[in-house]
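1. what follows is a predicted structure for the sequence shown.
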Amino acid sequence: MAVNPYFAAWAGAGLEITLFAALLAASALPLLGSEVTRGSFLATSGLALLLSLTRPEGVALYGVLVACSVAAIPGGLRERVRTLWPGLAAFAALGAIYFGAR
């Protein structure tokens, strides 16, 4: 990210884009290079919630992470739901509290 001149130029401007980019990278990191597990997806969901609190389009990016996770989990629908359910529930419950209070 730092080699991108536009990102580097605006990083010190005090905008939330630096935090947003770091949280986006951190959200995807638990899903890279290994099998998607309940724990890794729960970590992704927690970081993605922080991403969504930083900028509203983080919710759409969380949807992309969910879609990639669904595609990466072997097995049928039951196994995918069993793996993703804790993270989805945590994101939805905590996100509903925050966005409902706004």
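-> Okay, I see it. Numbering: from 1, shown residues only.
2. looking at stretch 65-85 now, give me its mean pLDDT.
-> The predicted model gives stretch 65-85 an average pLDDT of 92.
3. quick one: buried residues of that stretch?
-> For stretch 65-85, a neighbour-count test (16 or more other Cβ atoms under 10 Å) marks 65-66, 69, 73, 80, 83-84 as buried. To be clear about C-beta, it is placed using only N, CA and C from the backbone, and glycine gets the same treatment.
4. okay, and the helix or strand of the chain with the least pLDDT?
-> When the helices and strands of the chain are scored by mean pLDDT, DSSP states H and E, helix 5-11 comes last with a mean of 75.
5. so what's the gap between that one and the chain middle?
-> Centroid displacement of helix 5-11 relative to its chain, using Cα atoms, centre = their mean, to the nearest Å, is 23 Å.
6. which other helices and strands contact it?
-> helix 17-28 (3 or more Cβ pairs under 8 Å, 6 or more residues apart in numbering; DSSP states H and E).
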